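Chemist: the following block contains a protein sequence and its predicted model.
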Amino acid sequence: MSAAEMMEAAQNASGYWTEERIMIRDTALDFTLNEVLPVAFNWHGQDGSLFGVLLPCC
């Protein structure tokens, strides 16, 4: 069992992860993977140069 799976199991045992929270988490993850990351990679690549575009003075 991975560390993430162990942490999720512990949180489930405490009642933290309700069905609603799981749906919100999964929706946010899907949106990020499918909508945000492709645009971010096209915008500045994987080299981290985005901050130079947003903050040219720094």
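Modeler: Cool, got the structure. Numbering: from 1, shown residues only.
Chemist: now this protein, which segments are flagged as low pLDDT?
Modeler: 44-58 (pLDDT under 70).
Chemist: of all residues in it, which one is nearest the centre?
Modeler: L29 (5.3 Å; CA atoms, centre = their mean).
Chemist: strands along this structure, start to end?
Modeler: Counting by DSSP state E, the chain has no strands to list.
Chemist: identify the single longest helix in it, thanks.
Modeler: Scanning the chain for the longest helix, with DSSP state H as the assignment, gives helix 19-31.
Chemist: run through who's touching it.
Modeler: Helix 19-31 has contacts (CB atoms under 8 Å, 6 or more residues apart in numbering) with W17. Where you see a C-beta, it was placed from the backbone N, CA and C, and this is true even at glycine.
Chemist: state the distance from T27 to E35.
Modeler: Distance check for T27 against E35: by CB to CB, to the nearest Å, it reads 11 Å.
Chemist: repeat that for A28.
Modeler: Counting by CB to CB, the gap from A28 to E35 is 11 Å.
Chemist: okay, now W17: neighbour count?
Modeler: Around W17 there are 14 other residues, counting by other CB atoms under 10 Å.
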